[in-house]
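Engineer: Mind looking at a prediction? Sequence and model below.
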Amino acid sequence: MTKLNDIFAIESAAKDHLIQPWDEIKSLGSEIRPIISSAENIYLIDANGKKLIDAPAGMWCSQIGYGRKEIAQTMSDQAMMLSYNSPWYTTSSPAALLSKKIADFTPGDLNHIFFTSGGSTAVDSALRFVQFYQHSRGKPDKKIILARLGGYHGSTHLAAACSGDLTSKPKFNLDQEPISFLSSPNSLKLPDGVSKEGFCDFLLDELRERIKELGANNIGALIAEPVQASGGVIIPPKNYAEGMVKICRDNDILYISDEVVTAFGRCGSWFASEEVFGIEPDIITFAKGITSGYIPLGGYAVSDKLLKEVTEKSPEDSTLSNGFTYSGHPVSCAVALTNIKIFEDDKILEHVKEIIPYFAEKLKKLSEMKIVKEVRTVGMLAAVECHSSDKAAEKLGLIIDKHCVELGMIVRPIGNICVMSPPLIITKQQIDDMVDILQEGIFRASKEIL
């Protein structure tokens, strides 16, 4: 058996057999991504023993950091006690107790929880619930989903169809789904004749006009992230989210808040919808931070009001025929409960709220650099958007990331944007280190492209 530290064998296996997310198929096997061998606290350690600050927290998910023995012990204990149960015929105590725990955190009457295996399946299941709900009400024509350009909702078919990257849709027939896209709330890309001050009104007027154009009786739901994370940490104008929800309510359209990224402490709250953005959605999707990335788990929380309406208006067969082999997986749910306990015992939400201003202040100083166009922060999410007149602009983030890795940190490059969402346990000194490395990485990149 190949040893896990046999780098040559690992690289060979990856080149010969492994397809990874967003792989360039034409160059498949010609190069591999850096191999990470271990991790601790907020650091990843590569195959050569180099220590790297994990500025993206994996993929927005490593809230409590790496190497928590409590999580490993929970995995072991639960696997020995009950490693799996079929959610079709039975339930487990971790799934039941976790559903109650999450319901304690959700806004309003979102008191029922459906578990999936991750964020994509959470969004997909929420969208399927919308279809089920509208059919149960005798309104099967309410099928259209409103989404936004620049949004990202996952990789399953329905979730990907709602994601706002239009260039990849024809390759997967995603453009054939009944999705209507609204503008991104990106204030750096204002439409002609629209001021920054008038941008919120423009976006809300666009929503009203789209509903009028398509007909409210044909629209089932609007799905939106509180912050467009993979879109480049796009923070919406003030009052925009509240305005969207009100318009949806006025037109009998469900509002889904996709909190796969923003939930479980990323913005300083269990869920950002109500506490940070002042809204009470009909459905909230979640994943990532619920287990701090230690094991896959996702789901959605749904309003009691919707479930009651389904119960009262459904015909005799009201079976919600949607589920997954790993729905409510006992090991995943047990890990989530331990993750939440660590949040509570270590007062992580309190730490995040305390450190958010320092995080923002330190990063804002980068806006003084020549090639930095804008620095955006909300909670423990940040984007440093750079610009260049050179053709290298589209790959500027990759160039900066290359220099940052040499200096001891991974960032998430998105075009000309460097995205950061570090583990929530990060200290002020570690923030200083992170910003210092990014500053030097940007400086070196600017010299390279000029």
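Structural biologist: Received the coordinates, thanks. Residues are numbered from 1 along each chain as shown.

Engineer: just the helices in the stretch 1-150 of the chain please.
Structural biologist: Using DSSP state H, counting those that start in this stretch, the helices found in the stretch 1-150 of the chain span residues 7-17, 57-60, 69-81, 93-105, 119-136.

Engineer: Pull out the buried residues from the last one.
Structural biologist: Spelled out, that is helix 119-136. 119-127, 129-136 (16 or more other C-beta atoms under 10 Å). (Each C-beta comes from the backbone N, C-alpha and C, glycine too.)

Engineer: Could you chop the chain up by domain?
Structural biologist: Taking automatic domain parsing as the reference, the chain has its domains at 34-64+347-449, 72-345.

Engineer: Redo those domains as TSV? Include mean pLDDT and distance to Ala14.
Structural biologist: Below are the domains of the chain laid out as TSV (pLDDT from 0 to 100; distance: least, C-beta to C-beta, whole Å):
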stretch	mean pLDDT	distance to Ala14
domain 34-64+347-449	94	8
domain 72-345	95	21
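
Engineer: Against which helices or strands is the longest helix along the chain packed?
Structural biologist: Longest helix in the chain, counting residues (DSSP state H): helix 428-449. Other elements packing on helix 428-449 under the criterion 3 or more C-beta pairs under 8 Å, 6 or more residues apart in numbering; DSSP states H and E are strand 51-54, helix 348-364, strand 381-386, helix 396-407, strand 409-410, strand 417-420.

Engineer: Minimum distance to Leu28: which of those has it?
Structural biologist: Closest approach to Leu28 among the helices and strands packed on helix 428-449 is made by helix 396-407 (18.6 Å; C-beta to C-beta).

Engineer: what's the spacing between the closest one and its chain's center?
Structural biologist: When C-alpha coordinates are averaged (C-alpha atoms, centre = their mean, to the nearest Å), helix 396-407 and its chain have centres 23 Å apart.

Engineer: how much space between Val123 and Cys162?
Structural biologist: Distance from Val123 to Cys162, counting by C-beta to C-beta, to the nearest Å: 7 Å.

Engineer: Could you check the angle the longest helix of the chain makes with helix 396-407?
Structural biologist: For helix 428-449 against helix 396-407, the angle by axes from the mean of the first three to the mean of the last three C-alpha atoms, to 10 degrees is 120 degrees.

Engineer: and helix 428-449, which residues are buried?
Structural biologist: Going by 16+ other C-beta under 10 Å, helix 428-449 has these buried residues: 430-431, 433-435, 437-442, 444-446, 449.

Engineer: try stretch 414-422
Structural biologist: Buried, per 16+ other C-beta under 10 Å, within stretch 414-422: 414, 416-422.

Engineer: how distant is that stretch from the center of its chain?
Structural biologist: In terms of C-alpha atoms, centre = their mean, the centre of stretch 414-422 is set 14 Å apart from its chain centre.

Engineer: First-to-last residue distance for that stretch?
Structural biologist: This stretch, stretch 414-422, spans 16 Å end to end (C-alpha to C-alpha, to the nearest Å).

Engineer: And stretch 131-144, end to end?
Structural biologist: Stretch 131-144 has its terminal residues 10 Å apart, counting by C-alpha to C-alpha.
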